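K.L.:
Give me the fold of what follows.
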Amino acid sequence: MKEKKANINRIGFGLKKEIKPMLNENYRSSLIEQIRASNYELAAGDLTICLAREFGFCYGVDRAVDLAYETRQRFPEKTIYLLSEIIHNQRVNSKLAEMGIKFLSEEETSKIEKNLSLLDAVTHHDAVLVPAFGASVEVMERLRQKGCLLVDTTCGSVVAVWRQVERYAQEGFTALIHGKFNHEETQATCSRVTQYPKGKFIVVSGKKQAGKVCEYVLGQEDRKSFLDEFSKTSSSGFDPDRDLERIGCANQTTMLSGESMEIAGMIESAMKTRYGEKDLNRHFCHFETICRATQDRQDSILQLAGSRVDLIIVVGGYNSSNTGHLCKISNELCPAYHVQDADEIISKNEIRHKPVGETEVVTGQNWLPEGKVRIGITAGASTPDRVTEEVILRVIQCAKRQTRRK
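P.N.:
Sure thing, here's the model as predicted:
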């Protein structure tokens, strides 16, 4: 199914110069630039702040935010809608709302896919921003039919995944997607598969579920328990006896890259055992689809954790997949705290944060060690440098109060 090209803008309106002052005012940080220029470290009394080499806004996020600001600049009087959050960062989305951009859904884009009536407010006079995660084939088609201006900020790395799973569907492979089923990106990716009559997908959240797929391929898992496990995370009418004969692996771009590679290896090994080395290419296909920025940030946090830091603070939205994975990596190497912004750092003794693997924010105690301390700082790909700066300043403030009380 080829997309119509009418009324879709993916390149902006040539207004980068005009919007730059607003972007600098809202998101740029002179302190972050200073720390980068000082070998990524900042000393403040007994405290040393150690910045990760790669963190914060990636190219795809930069592009999405630029396109949103350019659209508002180009059409100051037009009604502009966002399908949902443009990226997973409260500060950025709040700024867009202040600019008069309306959100069709206050939650994830999948809410629109389940209730297309949310699009009824859109007319052909309006503009609609598609988030960096993308949107489903059905949502895009509905919007095209309305004749509105579509400004598509979908990340290029996400589009690369779509091309891959579309190829799988065309060639008769079931797309096995390592991702979070309810995440906007994964929902959009699944829709790229099922636009083809014989397209099939199954989503696995991690190695445990991938193991169940392997067991079924090898005849070690019964049909009922398998379908019970995956009935809500596979394509309609999924038949494991038929649809697991040929598997192509892909992943949500923000997943842990090492885990995605392990899962692909597990599936490949099971298919090789079942069908033999000679026929493997007929039954298994894999192209890594972790984005480069995600990989760089994950590699950088490993380097940071190995540089003798006492703890790491990971800054980013609580619903940000890539930020959560940075915290997971950090937490395996030293104490780590995922905070949304500086307001979560209450005092030297208390910090609100989202623990790895949990859904609720908790209040931790005695997070800041006494004496000389090295604190690592990183941020998810949707986090503006200004937010990271505010966290750093708040940590320094807490450390100074601790020093004065000694």
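K.L.:
When you work out contacts or count neighbours from here on, use the C-alpha atoms and nothing else.
P.N.:
Noted.
K.L.:
ok, how many other residues are close to the closest residue to Ala64 other than its chain neighbours?
P.N.:
Nearest residue to Ala64, sequence neighbours excluded (C-alpha to C-alpha, 6 or more residues apart in numbering): Thr153, at 4.8 Å. Neighbouring residues of Thr153 were enumerated by other C-alpha atoms under 10 Å; the total is 26.
K.L.:
and if you look at Glu245?
P.N.:
Neighbours around Glu245, by other C-alpha under 10 Å: 17.
K.L.:
separation between it and Phe173?
P.N.:
8 Å (C-alpha to C-alpha, to the nearest Å).
K.L.:
Quickly list what's touching both of these two.
P.N.:
His283 (C-alpha atoms under 8 Å, 6 or more residues apart in numbering).
K.L.:
List the residues that contact the nearest residue to Leu31 once chain neighbours are set aside.
P.N.:
With C-alpha to C-alpha, 6+ apart as the criterion, Leu31 has its nearest non-adjacent residue at 6.5 Å, and that residue is Glu389. For Glu389, the contact set (C-alpha under 8 Å, 6+ apart) comprises Ser29, Leu31, Ile32.
K.L.:
So which of the residues you listed sit within helices?
P.N.:
Cross-referencing the contacts of Glu389 against helices under DSSP state H gives Leu31, Ile32.
K.L.:
Checking the closest residue to Ile11 other than its chain neighbours next. Helix, strand or coil?
P.N.:
With C-alpha to C-alpha, 6+ apart as the criterion, Ile11 has its nearest non-adjacent residue at 7.6 Å, and that residue is Leu67. With DSSP: H, G, I helix; E, B strand; the rest coil as the basis, the three-state label of Leu67 is helix.
K.L.:
Please name the residues that touch Leu67.
P.N.:
Ile11, Gly12, Val151, Thr153.
K.L.:
which one of those has the most neighbours?
P.N.:
Most surrounded of those: other C-alpha under 10 Å gives Thr153, at 26 neighbours.
K.L.:
Wasn't Arg297 part of a strand?
P.N.:
No: counting by three-state DSSP, Arg297 is not part of a strand but helix.
K.L.:
burial count for it?
P.N.:
Neighbours around Arg297, by other C-alpha under 10 Å: 25.
K.L.:
so where's the chain uncertain?
P.N.:
Scanning the chain for pLDDT under 70 picks out 1-6, 106-111, 113, 401-406.
K.L.:
Show me how the record splits this structure into domains.
P.N.:
28-58+293-404, 59-154, 157-290 (automatic domain parsing).
K.L.:
Same list, the ones you listed, but as CSV with distance to Met22 please.
P.N.:
As requested, those are exported to CSV (distance: least, C-alpha to C-alpha, whole Å):
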stretch, distance to Met22
domain 28-58+293-404, 10
domain 59-154, 9
domain 157-290, 26
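K.L.:
Go through those domains and name the closest to Lys20.
P.N.:
In terms of C-alpha to C-alpha, the element of these nearest to Lys20 is domain 59-154, at 8.7 Å.
K.L.:
Quick check: neighbours of the strand ranked longest in the chain in the sheet, parallel or antiparallel?
P.N.:
Secondary structure of the chain read by DSSP state E shows that its longest strand is strand 373-379. Counting by DSSP bridges, the strands paired with strand 373-379 are strand 47-51 (parallel), strand 311-315 (parallel).
K.L.:
what does that strand contact?
P.N.:
46-52, 54-56, 301, 304-305, 308-316, 323, 388, 392.
K.L.:
coming back round to it: which stretch among the strands paired with strand 373-379 is buried most, on average?
P.N.:
Counting by mean count of other C-alpha atoms under 10 Å, strand 311-315 has the highest mean neighbour count of those, with a mean of 27.
K.L.:
so how far is that one from its chain's centroid?
P.N.:
18 Å (C-alpha atoms, centre = their mean, to the nearest Å).
K.L.:
Give me the buried positions along the very next helix or strand once past it.
P.N.:
Downstream of strand 311-315, the next assigned helix or strand under DSSP states H and E is helix 321-331. By neighbour count on 16 or more other C-alpha atoms under 10 Å, the buried set for helix 321-331 is Ser321, Asn322, Thr323, Gly324, His325, Leu326, Cys327, Lys328, Ile329, Ser330, Asn331.
K.L.:
Kindly report the same for stretch 62-72.
P.N.:
Asp62, Arg63, Ala64, Val65, Asp66, Leu67, Ala68, Tyr69, Glu70, Thr71, Arg72.
K.L.:
between these, which is closest to Gly237?
P.N.:
Nearest member of the buried residues of stretch 62-72 to Gly237, counting by C-alpha to C-alpha, is Ala64, at 35.7 Å.
K.L.:
was I right about the closest one contacting Val151?
P.N.:
No: if you go by C-alpha atoms under 8 Å, Ala64 and Val151 don't touch, sitting 9.5 Å apart.
K.L.:
Provide the contact partners of stretch 215-228 at residue level.
P.N.:
Lys212, Pro240, Leu244, Glu245, Ala270, Met271, Thr273, Arg274.
K.L.:
Apply 7 Å and report the result again.
P.N.:
Residues from elsewhere that reach stretch 215-228 (C-alpha atoms under 7 Å, 6 or more residues apart in numbering): Leu244, Ala270, Arg274.
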